[in-house]
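>>> the amino acid sequence is not available; the structure is as follows:
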Ligand SMILES: NC(=O)C1=CN([C@@H]2O[C@H](COP(=O)(O)OP(=O)(O)OC[C@H]3O[C@@H](n4cnc5c(N)ncnc54)[C@H](OP(=O)(O)O)[C@@H]3O)[C@@H](O)[C@H]2O)[C@H](O)CC1
Ligand SMILES: [K+]
C-alpha cells in the first residue's frame, strides 16, 4: 500500500469518510515533507465528513497549512478543569507525570515539524525558552525529540528545577548535543522560538527573567512578523481562562494546546494545534472535551479556526492583518497618550524656534525702517 492510500485508510478508520479529494492527502498532512519550498508550493481542497456525525469539517490547505470552514470541535478547559483533569489522568488511569510530559513534548516537537520542517539542505535552529515548572519540562522533552527530527536546539533555562526527573531531562538533552544558556540570545541565529515558559499554573504578572524574555520575543515579532514563535499549551503570561489580562502584549504565531485547548485559546488568532492523543474517552466526556480526528500516526492535529475572510485568504494574510491592526492600535494609543501629556520639550522647542523667527523678522523690519529713515535724513541735510 502506498503512502496516500495508507493515509486514506487511517482517515476512514478514525471515523472519517472521504467525500471528495482534489489533491493528494499527503500534500497537507505534513508527513513526507521534502522541503519548506515544496510545502509552500502545495495547495488543495479536501472535504471530510465524520462518519460518527460528531464533526463535519471542510478542510482547505493554503500554502501547506490547514484551516477549516467549519470549526473542529474539541471543547475548551478552564483553569480548574485543566488542573483537575491532569490530577485525574494521574490517579484514575494512572498516567505518571513523566509519561504525560513525554507525550506533551513529542506533540510539541511534531507541531514544530509541521510549522518549520527541516530539509536535506537546512537544519533549522530552534531556541526553546523553558520556565521553572512542567511547561518548561515539556520544552526539555521537545528539544530532545527535535534533535532526532533534524534540528539544532539551544535551550534558555535560567531557573532549573532540582527535581530528579528534570535533572535527567537536562542530561538527556546534553547527551544529544543540546546547549543550555541563561540569557536571551541574539535571535538572528535562530529560525524559530518555542515558548515553554508558563502553562496553566501561571498567575499574576510575569516576573524576571521571563518578563524580559516575553518582551524580547515581541521585539523579534516587530522586526520579523513571519518569525515562528510557538507557545506550549498556553501563550506565556496569559491567564489560562481570560488571556492576556496582565497586558504583556505577547501573542505567539502558533499555539500547541496540550490534552485540549484552554478557555483563553478561544480568541487565539494564529495557527492552532492540539496534542492529546491519549485521552481516555471517559475523562474526555466528564470534562466536556473531544479529541480531534488525529491523522495517521500523528500526535498532533492542526485545528486553526475557520477563516473569516473566505477560503482563499491564507493564515499568514490573516495573522499579518491582525498584527497590523495591533500595531495601528498601539500607535493610536501612543498618539492619544502624547496628546494627553503636558506640552513636551519638543513642543516648547518648536514654539521657541517660531518665536525667535518672528523676533528676527520684526527686528530686520525695524532696522530696515531705521536705515531708510537715516538715509532720508542724510539726503535732506546734503541737499540743504
Ligand atoms: N496533561 C497534560 O497535557 C500535561 C501538561 N503538562 C504541562 O504542565 C503545565 C502546567 O505545569 P505546572 O508546573 O503546573 O505550571 P507551569 O509550568 O504553568 O508554571 C509554574 C511555574 O511558574 C511559576 N510562576 C507562576 N506565575 C509566575 C509569574 N507571574 N512570574 C514568574 N513565575 C511564575 C511558578 O513559580 P511560583 O514561585 O509562583 O510557584 C512555577 O514555578 C501545563 O500547562 C502543560 O504545559 C505537563 O507536562 C503534564 C502533562
Ligand atoms: K507556554
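Everything's here; your move. This one's a predicted model, so the numbers in the text were calculated from it and none came from an experiment. Ligands and ions are numbered 1, 2, ... in the order given.
>>> nearest residue to residue 178 other than its sequence neighbours?
The shortest distance from residue 178 to any non-neighbouring residue, by CB to CB, 6 or more residues apart in numbering, is to residue 153 (4.7 Å). Using the backbone N, CA and C atoms, a C-beta is placed for each residue, glycine as well.
>>> what's around the one you found, how many residues?
Residue 153 has 28 neighbouring residues, counting by other CB atoms under 10 Å.
>>> what values do phi and psi take at it?
Per-residue torsions, residue 153: phi -120, psi 140 (degrees, to the nearest 10).
>>> contacting residues around it?
125-128, 143, 146-147, 173, 178-179 (CB atoms under 8 Å, 6 or more residues apart in numbering).
>>> again, only using 6 Å
Contact analysis of residue 153 by CB atoms under 6 Å, 6 or more residues apart in numbering lists 126, 143, 146-147, 178.
>>> just the buried ones from these?
Buried by 16 or more other CB atoms under 10 Å: 126, 143, 146-147, 178, out of those.
>>> make CSV from these and add secondary structure and distance to residue 372 to it.
Formatted as CSV, the buried ones among the contacts of residue 153 follow (DSSP: H, G, I helix; E, B strand; the rest coil; distance: CB to CB, whole Å):
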residue, secondary structure, distance to residue 372
126, strand, 79
143, helix, 85
146, helix, 85
147, helix, 88
178, coil, 86
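>>> reformat these as TSV; add pLDDT and distance to ligand 2.
Putting the buried ones among the contacts of residue 153 into TSV (pLDDT from 0 to 100; distance: CB to the ion, whole Å) gives the following:
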residue	pLDDT	distance to ligand 2
126	98	15
143	98	14
146	98	16
147	98	21
178	98	19
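>>> re the thing from before, which one of the contacts of residue 153 is nearest to ligand 1?
Closest approach to ligand 1 among those (CB to the nearest ligand atom): residue 143, at 13.8 Å.
>>> distance of the closest residue to the closest one other than its chain neighbours relative to ligand 2?
For residue 143, ignoring the flanking residues on the chain, the nearest one in space by CB to CB, 6+ apart is residue 153 at 4.3 Å. For residue 153, the distance to ligand 2 equals 17 Å [CB to the ion, to the nearest Å].
>>> from residue 72, how far out is residue 153?
30 Å (CB to CB, to the nearest Å).
>>> tell me what the host helix or strand of residue 103 is packed against?
For residue 103, the element it lies in under DSSP states H and E is helix 97-115. Applying 3 or more CB pairs under 6 Å, 6 or more residues apart in numbering; DSSP states H and E, one finds that helix 97-115 contacts helix 134-149, strand 254-258, strand 300-302.
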